[in-house]
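Visitor: Dropping a prediction and its sequence here:
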Amino acid sequence: QVQLAESGGGLVQAGGSLRLSCAASGRYFHNYALAWFRQAPGKEREFVAGISWNGGRTDYRDSVKGRFTISRDNAKNLGHLEMNSLGPEDTAVYFCAAAMLSPAQLVEGPYQNWGQGTQVTVSS
(Lines give C-alpha, C1' and ligand atoms only; values in the text may rest on other atoms or scores of the structure.)
Protein backbone atom coordinates (compact mmCIF):
# COMPACT_ATOMS: atom_id res chain seq x y z
CA GLN A 1 0.00 0.00 0.00
CA VAL A 2 0.90 3.65 -0.35
CA GLN A 3 -0.20 6.61 1.72
CA LEU A 4 -1.03 9.75 -0.19
CA ALA A 5 -1.16 13.41 0.81
CA GLU A 6 -2.32 16.23 -1.45
CA SER A 7 -1.25 19.84 -1.31
CA GLY A 8 -1.43 22.95 -3.43
CA GLY A 9 -5.12 23.72 -3.39
CA GLY A 10 -6.45 27.18 -2.75
CA LEU A 11 -8.51 30.07 -4.03
CA VAL A 12 -7.81 31.38 -7.52
CA GLN A 13 -9.59 33.68 -9.94
CA ALA A 14 -11.09 32.38 -13.13
CA GLY A 15 -8.43 32.05 -15.79
CA GLY A 16 -5.74 31.38 -13.22
CA SER A 17 -3.58 28.36 -12.53
CA LEU A 18 -2.78 26.00 -9.69
CA ARG A 19 -0.41 23.11 -9.29
CA LEU A 20 -1.49 20.27 -7.06
CA SER A 21 0.98 17.83 -5.59
CA CYS A 22 0.52 14.32 -4.28
CA ALA A 23 3.22 13.00 -1.96
CA ALA A 24 3.35 9.25 -1.58
CA SER A 25 4.94 7.16 1.10
CA GLY A 26 5.88 3.53 0.53
CA ARG A 27 8.64 1.73 -1.29
CA TYR A 28 6.69 0.70 -4.36
CA PHE A 29 5.07 3.93 -5.53
CA HIS A 30 6.76 3.45 -8.89
CA ASN A 31 4.61 0.36 -9.44
CA TYR A 32 1.34 2.23 -8.98
CA ALA A 33 -0.84 4.06 -11.44
CA LEU A 34 -1.74 7.51 -10.16
CA ALA A 35 -4.91 9.49 -10.73
CA TRP A 36 -6.66 12.68 -9.71
CA PHE A 37 -10.35 12.77 -8.95
CA ARG A 38 -12.55 15.64 -7.85
CA GLN A 39 -15.84 16.04 -6.06
CA ALA A 40 -17.92 19.18 -6.14
CA PRO A 41 -20.63 19.85 -3.55
CA GLY A 42 -23.70 17.75 -4.24
CA LYS A 43 -22.03 15.86 -7.08
CA GLU A 44 -20.46 12.47 -7.57
CA ARG A 45 -16.71 12.09 -7.43
CA GLU A 46 -15.32 12.09 -10.97
CA PHE A 47 -12.13 11.07 -12.68
CA VAL A 48 -9.98 14.01 -13.79
CA ALA A 49 -6.68 12.57 -15.00
CA GLY A 50 -4.56 9.46 -14.68
CA ILE A 51 -0.98 8.43 -15.42
CA SER A 52 0.45 4.95 -15.72
CA TRP A 53 3.17 3.62 -13.44
CA ASN A 54 5.99 4.68 -15.77
CA GLY A 55 4.32 7.82 -17.16
CA GLY A 56 3.91 6.22 -20.55
CA ARG A 57 0.17 6.75 -20.72
CA THR A 58 -2.08 9.54 -19.55
CA ASP A 59 -5.85 9.92 -19.70
CA TYR A 60 -8.01 12.97 -19.06
CA ARG A 61 -11.68 13.70 -18.82
CA ASP A 62 -12.81 15.69 -21.83
CA SER A 63 -13.54 18.90 -19.94
CA VAL A 64 -9.93 19.30 -18.77
CA LYS A 65 -8.07 18.22 -21.91
CA GLY A 66 -5.69 20.93 -23.03
CA ARG A 67 -5.92 22.71 -19.66
CA PHE A 68 -4.69 20.15 -17.12
CA THR A 69 -1.48 18.13 -17.19
CA ILE A 70 -0.74 15.16 -14.95
CA SER A 71 2.84 14.14 -14.25
CA ARG A 72 4.85 12.08 -11.80
CA ASP A 73 8.38 11.85 -10.44
CA ASN A 74 8.94 8.29 -9.23
CA ALA A 75 12.39 9.14 -7.84
CA LYS A 76 10.73 11.62 -5.45
CA ASN A 77 7.48 9.71 -4.86
CA LEU A 78 5.51 12.68 -6.17
CA GLY A 79 2.65 13.27 -8.53
CA HIS A 80 1.41 16.59 -9.86
CA LEU A 81 -1.62 18.07 -11.53
CA GLU A 82 -0.95 21.32 -13.36
CA MET A 83 -4.23 23.17 -13.86
CA ASN A 84 -4.49 26.14 -16.22
CA SER A 85 -7.35 28.30 -17.47
CA LEU A 86 -9.38 27.41 -14.41
CA GLY A 87 -13.07 28.15 -14.32
CA PRO A 88 -15.73 28.07 -11.59
CA GLU A 89 -16.75 24.63 -12.87
CA ASP A 90 -13.39 23.31 -11.66
CA THR A 91 -14.24 24.14 -8.04
CA ALA A 92 -14.10 20.92 -6.04
CA VAL A 93 -12.13 18.89 -3.55
CA TYR A 94 -9.35 17.19 -5.48
CA PHE A 95 -8.11 13.75 -4.45
CA CYS A 96 -5.14 11.76 -5.60
CA ALA A 97 -5.47 8.02 -5.79
CA ALA A 98 -3.16 5.12 -6.57
CA ALA A 99 -3.46 1.48 -7.49
CA MET A 100 -1.55 -1.25 -9.25
CA LEU A 101 -3.29 -1.03 -12.61
CA SER A 102 -2.49 -1.64 -16.21
CA PRO A 103 -2.37 1.49 -18.37
CA ALA A 104 -5.71 0.55 -19.90
CA GLN A 105 -7.38 0.70 -16.49
CA LEU A 106 -6.49 4.30 -15.62
CA VAL A 107 -10.01 5.67 -16.00
CA GLU A 108 -12.04 2.81 -14.55
CA GLY A 109 -9.67 1.73 -11.79
CA PRO A 110 -10.44 0.53 -9.18
CA TYR A 111 -8.27 2.68 -6.92
CA GLN A 112 -7.68 1.46 -3.39
CA ASN A 113 -5.39 4.15 -2.00
CA TRP A 114 -6.70 7.69 -1.49
CA GLY A 115 -5.50 10.93 -0.05
CA GLN A 116 -7.59 13.24 2.14
CA GLY A 117 -8.16 15.80 -0.59
CA THR A 118 -7.34 19.44 -1.16
CA GLN A 119 -9.88 22.19 -1.83
CA VAL A 120 -9.72 24.12 -5.09
CA THR A 121 -12.00 27.14 -5.36
CA VAL A 122 -12.22 29.21 -8.53
CA SER A 123 -13.94 32.56 -8.27
CA SER A 124 -15.66 34.13 -11.25
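Guide: It's in.
Visitor: Check which helices and strands the helix or strand that contains Cys96 is in contact with.
Guide: Cys96 is part of strand 92-99 when elements are defined by DSSP states H and E. For strand 92-99, the elements it packs on are strand 3-7, strand 18-25, strand 33-39, strand 78-83, strand 113-114, strand 118-123, judged by 3 or more CB pairs under 8 Å, 6 or more residues apart in numbering; DSSP states H and E. (Glycine included, C-beta is placed from N, CA and C.)
Visitor: Give me the buried positions along the fourth one.
Guide: Judged by neighbour count (16 or more other CB atoms under 10 Å), strand 78-83 contains these buried residues: 79-81, 83.
Visitor: before we move on, the earlier item: want to try JSON lines for the helices and strands packed on strand 92-99, with distance to Phe95 as columns?
Guide: Putting the helices and strands packed on strand 92-99 into JSON lines (distance: least, CB to CB, whole Å) gives the following:
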{"stretch": "strand 3-7", "distance to Phe95": "7"}
{"stretch": "strand 18-25", "distance to Phe95": "9"}
{"stretch": "strand 33-39", "distance to Phe95": "5"}
{"stretch": "strand 78-83", "distance to Phe95": "11"}
{"stretch": "strand 113-114", "distance to Phe95": "6"}
{"stretch": "strand 118-123", "distance to Phe95": "8"}
